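>>> Please find the sequence and the predicted model below.
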Amino acid sequence: MGYTAKFKVWRGDDEGGALQDFQVEVNEGEVVLDIVHRLQATQAPDLAVRWNCKAGKCGSCSAEVNGRPRLMCMTRMSTFTQDETITITPLRTFPVIRDLVTDVSYNYEKARMVPAFAPPADLEPGDYRMQQVDVERSQEFRKCIECFLCNNVCHAVRDHEENKTTFSGPRFLMRIAELDMHPLDTADRRDVAVNDHGLGYCNITKCCTEVCPEHIHITDNALIPLKERVADKKYDPIFSVASLFRRKDKREAPGATPGGSTPR
Amino acid sequence: MTELERHSFDVLVIGAGGAGLRAAVEARLQGKRVAIICKSLFGKAHTVMAEGGIAAAMGNVNSNDNWQVHFRDTMRGGKFLNSWRMAELHAKEAPTRVWELETYGALFDRTPEGKISQRNFGGHEYPRLAHVGDRSGLELIRTLQQKIVSLQQEDYRATGDYEANIKIFAEVTITRLLVDDGRAAGAYGYYRETGDFVAFEAPAVVLATGGIGKTFKVTSGSWEYTGDGHALAMRAGATTVNMEFIQFHPTGMVWPPSVKGILVTESVRGDGGVLTNSEGKRFMFDYIPDVFKDKYATTPEEGDRWYTDPDNNRRPPELLPRDEVARAINSEVKAGRGTPHGGVYLDVSSRLPADVIRKKLPSMWHQFKELADVDITKEPMEVGPTCHYVMGGVEVDPDTQETRVPGLFAAGEVSGGLHGSNRLGGNSLSDLLVFGRRAGLFAAEYVDRLGDARPKVTESMIVDAENEALAPFHVEGGENPYSVHSDLQQTMNDLVGIIRTGDEMREALDKIQTYKERVANAGVQGGRAFNPGWHLAIDLKNMLLVAEAVAKAALEREESRGGHTRDDFPGMSAEWRQLNIVCRAHDGGVEIERQPLVPMREDLLELFDVSELKKYMTEAELPKGEH
Amino acid sequence: MATTGVHSPGRAQIDARTLRKDRWWLQPLLTFLALTFFVVYSAWRVFSGSNYYSAPYISLFYSPCLATECVEGAHPGGPISWWMLSPALLIAWIPLTFRFSCYYYRKAYYRSFWLSPPACAVAEPHGGYSGERRLPLILNNVHRYAFYLALILNVVLTIDAILALQTPQGQWGYVGLGTLILFANAAALWLYTLSCHSCRNAVGGRITHFSKHPVRYKMWTFISKLNEHHMLWAWVSLCTVVLADFYVYLLASGRISDLVFFSV
Ligand SMILES: Cc1cc2nc3c(=O)[nH]c(=O)nc-3n(C[C@H](O)[C@H](O)[C@H](O)COP(=O)(O)OP(=O)(O)OC[C@H]3O[C@@H](n4cnc5c(N)ncnc54)[C@H](O)[C@@H]3O)c2cc1C
Ligand code: SF4
Ligand code: SF4
Ligand code: FES
Ligand code: FES
């Protein structure tokens, strides 16, 4: 069952590095992360790699396998042929620390810029009422395990370092969409999305969706709807005029579902 | 050498899982400056892996539920060895803690009335687990993480600095707690990224480091579960209790080998999944223990009716507490009725329509599809027991979570007491919230009480800590720490596992001694920057101390109860129920001591039938006057 | 070598623009060829101003035919008398704008024409990138207007198909191959138009509390299902458009005659 596979693993740090060749044993049912662990245990004890759950739940083990952004713990060896050389590199959008480990602080800084959930001020804990159909859209986005593969693959920052200051990447635009669709959130997040997080940088080319290990439809369900909501406000006089006459859905009484308290 | 990085805070929280984050939120709300330290990236702590949900008697699905029922279930699950005071606080406060999460932005699954939906789980009398599909832990941790962000934004608006009151040190491992004259003074550790050292000075330290799973071979835990907090606390002079009680979750994956141990959530059974052996028999009906005889269905028909009509039927025995189910599976496999890969079958495919399975158990569906090539909507899963949770932990005051070291607090899986000899599913996440908050609250209060009389971190403490951490680099050409680790895991699995005997545990203790020597001689290659070999060498010392505590306590307790089963002492003993085994660090090893349990308060005792109490307690302990 | 993007200082130093080994260039190449063909074909047909009507069929590029000089029978024929160019130009800008600003086609041409990015995790060749934040690309926000107009056009094209149930002499009761093609084309266009992201937003996506708008929630659910296959409808309708127009062209230029299945 076992065979010997050829690997190239990028080793180095911010001053330089190169792909290094390895030959490793592979057994049935193993994933790429198992092989990296075997390298550590047998050939390269100081090979740096980040991982945690080994079950695709924590989003720590992001790397690029044969040039594709993946979770190493969810990339099965059986998806490669036995004579293929498998190349593993760190994420190529964030600064490298050592070997397969990168500095992902960009993501945490952007997370900190997203205005927090803003529930109605007078709604007491325990009185929150929300319908399943109303929470489902945001729940999809909350499946995110923050592997940052989407931010890594997004060409707006991957290919343009300078955009990192103005663009937060799909992960955090999706977070804004999540809050905008939250049934009890009272804030209007559309200007923030455009001005502070660079929604306009996204050209909907969908690479984020392609790599998301949680199979979240980031582009179709978060980014495009967010762009549409922005267009509702900024580019659509028909909706703007209509909204002069009635309160927008977003600004209508939150929590006004049966049995819920209805703050006015 | 570069200047040592030093920081000073009011409250130091070690661990960024549910317990740590909740403690940090509370301490900050009390006006304290808080540091959060974690070994992995922020938001990746083990809590993300929790699937089933958070137990809280909100009564949203069955209005008969209340804190008393939850309290009773918890005590029963723990076979009455629990700290009853913790169980009481836990049952009373859990609902508020869950509702609080909603105000932070959590989105739980809903009931038709728009309330938080609750699901059935083993050992819980009513549907009680607040959940989001099968990624409840992720929701919990992300929510708390986002609450911390919102507090940081508040601080930013007030001071212009996000980190004015809460600072996060991610990928920092604490190697030692600093103690000044018997009181907590801070902690010492290194940045995983660079290998640079860092010292924290703080009068109050909250340990929230989680469990010890990585001392065992087959485990549902991640690499972080090296028992650091348990070991740090013991070395700092604190004690641990109940270390002999390890929960083996009945359903871990068994195939392929590289994923062996990864958890299959209990919700699979809560939502209708059944366990069968190679003969196709639902064997759990043969394993209902006497103490639970009147609470569980005796026929598959009754068990099946319970899912739709729980008021008039008893629940199926697949939902017995985890220790019972794990032992049953173990026996079936031993009797030769296991699956080809040494487990039993867990089947939902014949019980629920495919789309319902995908909706209710999405990450299980994925997990099996992607890791084992099994479509759980079409075929049964193969499962077997896996080391899942340590009931034992740092001994704390039930109200304040303070350990025997003033200023040192512990909460979450690293603390002991609440769960007694066995934890019910869902009771951990609620534990994190209830006692995480309490630890943060009382840590803040402790800091207030101290005033200016704060303990000091001295130069010699720092030099000692540094020497200890660097020791592995001074061994020339020593043994690779990975091989010691895997030997230790094998030993614990084989000799201190689900079923234990005195001889085997003595053998394990001998082996642990030899591993200690091997670790002292283990060397590491390379530099200090992100060097996993070095990290493991340091963690291994913690695992060895913890393994010794587990084995010694387990050898001492001559009965079987919950997560501790002795082949040589198969019965449960009322006399042993009156005793806890307490461990402390001594001379590089572990010293144990028997310690009487505090008798349960009369009003709590009265929540149970005397006939039930008789199964657990000695005559003298039963409520007065009634028998 | 460029010093931005994946070659920015601090990132793992890897010379290759991509380490992908699969044929990532195939998809953008095919898209490029297909779209180029369509643009060339439709430019030829739109500017030609001839061979667009053969009773009872009208080419969709010319419907509604609004110039006075429209050929006899090309309905409705005429109010705009001062128009000197091809009558197609009066309306062809609508589907053109609609498709140009369509979220799917944007993805397609950004990837295959602009190479921004050519494929996921393949570095793009441009030095700078500002996404859809400036002129001209910010104009893509007009998509919803194009959508409203496209809806009207779809009605017209559906009427065209119905009118094609008449014999060339104007008697009801006729089915030729052209009739079937016109119906298929109208159907494909409806699927494409209704599955539009702006449509999805308008019918329900913009609401936060679905539970309070059960009918719109149903519509949104339905449109969302169509929307999942928006790319498919985009290509199918592109093909039917070419087919329908080319069939009319062949008839009008006398190269073939209609295949009649039924006639009174
Ligand atoms: C697969 C799985 C499913 C589960 N499902 C459920 C469930 O459905 N319901 C339920 O109630 N419970 C469940 N549990 C149990 C529950 O998830 C854990 O017990 C709980 O999350 C532990 O949380 P914690 O806050 O104590 O620690 P953790 O979340 O484990 O966090 C520990 C933290 O401490 C840090 N740390 C550790 N050592 C150090 C050190 N030396 N220096 C610095 N930082 C350190 C780590 O980095 C981490 O941040 C499950 C467990 C597993 C494994
Ligand atoms: S769809 Fe937008 S956010 Fe996603 S990768 Fe493409 S440009 Fe980036
Ligand atoms: S959205 Fe998907 S790809 Fe992006 S961080 Fe979350 S899980 Fe990862
Ligand atoms: S290790 Fe957690 S996702 Fe791979
Ligand atoms: S999104 Fe393609 S037509 Fe609107």
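Okay, I see it. Numbering: from 1, shown residues only, chains lettered A, B, ... in the order given. Ligands and ions are numbered 1, 2, ... in the order given.
>>> quick one: low-confidence parts of the stretch 151-264 of chain A?
Counting by pLDDT under 70, the stretch 151-264 of chain A has low-confidence residues at A:237-264.
>>> now do the stretch 1-150 of chain B
Across the stretch 1-150 of chain B, residues meeting the criterion (pLDDT under 70) sit at B:1-2.
>>> and it, which of its residues are near ligand 1?
For the stretch 1-150 of chain B, the contact set with ligand 1 under CB under 6 Å from any ligand atom comprises B:14-20, B:37-40, B:45-47, B:49-53, B:136-137. Bear in mind the C-beta positions are built from the backbone N, C-alpha and C, glycine included.
>>> Can you flag which of the residues you listed belong to strands?
The subset of those located in strands under the criterion DSSP state E comprises B:14, B:37.
>>> So among the residues of the stretch 1-150 of chain B next to ligand 1, which ones count as buried?
Buried subset of those (neighbour count, 16 or more other CB atoms under 10 Å in any protein chain shown): B:14-20, B:37-40, B:45-47, B:49-53, B:136-137.
>>> Run through the strands of chain A in chain order.
Listed in chain order (using DSSP E), the strands of chain A are A:3-13, A:16-26, A:62-65, A:68-71, A:85-89, A:96-98, A:101-102.
>>> and B:Asp73, what is it in contact with?
Residues in contact with B:Asp73, defined by CB atoms under 8 Å, 6 or more residues apart in numbering or on different chains, are B:123-125, B:424.
>>> Is stretch B:155-170 in proximity to chain A?
Yes: applying CB under 8 Å from any CB of the partner chain, one finds that stretch B:155-170 is in contact with chain A at B:Tyr162.
>>> Measure how far that stretch is from the centre of its chain, please.
Using CA atoms, centre = their mean, to the nearest Å, the distance from the centre of stretch B:155-170 to the centre of the chain it belongs to is 30 Å.
>>> Can you give me the first-to-last residue distance of it?
With CA to CA, to the nearest Å as the measure, the first residue of stretch B:155-170 is 20 Å from its last.
>>> in it, what counts as buried?
Buried residues in stretch B:155-170, counted by 16+ other CB under 10 Å: B:155, B:162, B:165-170.
>>> Restricted to helices, list the residues you listed.
In this view, the buried residues of stretch B:155-170 that belong to helices under DSSP state H are B:Asp155.
>>> from the buried residues of stretch B:155-170, which single one is nearest A:Cys212?
Minimum separation from A:Cys212 among the buried residues of stretch B:155-170 (CB to CB) is found for B:Ala170, which lies at 22.8 Å.
>>> wait, what's in contact with the closest residue to the closest one other than its chain neighbours?
By the measure of CB to CB, 6 or more residues apart in numbering or on different chains, the closest residue to B:Ala170 outside its immediate chain neighbours is B:Phe42, 4.5 Å from it. Contacts here follow CB under 8 Å, 6+ apart; on that basis B:Phe42 touches A:108, B:16, B:36, B:145, B:168, B:170.
>>> could I get the residues you listed as a markdown table with distance to ligand 2?
Supplementary listing: the contacts of B:Phe42 in a markdown table, determined by distance: CB to the nearest ligand atom, whole Å:
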| residue | distance to ligand 2 |
| --- | --- |
| A:Tyr108 | 18 |
| B:Ala16 | 28 |
| B:Ile36 | 30 |
| B:Gln145 | 22 |
| B:Ile168 | 26 |
| B:Ala170 | 25 |
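>>> rewinding a little: so which of the buried residues of stretch B:155-170 would you say is closest to chain C?
Within the set of those, B:Ala170 lies nearest chain C; the separation is 18.8 Å, counting by CB to the nearest CB.
>>> Tell me how far the closest one lies from B:Ser428.
To B:Ser428, B:Ala170 is 23 Å away according to CB to CB, to the nearest Å.
>>> picking that back up, for C:Ala186, find the nearest of the strands of chain A.
strand A:68-71 (40.8 Å).
>>> returning to what we had before: now distance to ligand 3 too, for the strands of chain A, in a markdown table please.
Compiled in a markdown table, these are given as follows (distance: least, CB to the nearest ligand atom, whole Å):
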| stretch | distance to ligand 3 |
| --- | --- |
| strand A:3-13 | 21 |
| strand A:16-26 | 25 |
| strand A:62-65 | 8 |
| strand A:68-71 | 8 |
| strand A:85-89 | 18 |
| strand A:96-98 | 19 |
| strand A:101-102 | 14 |
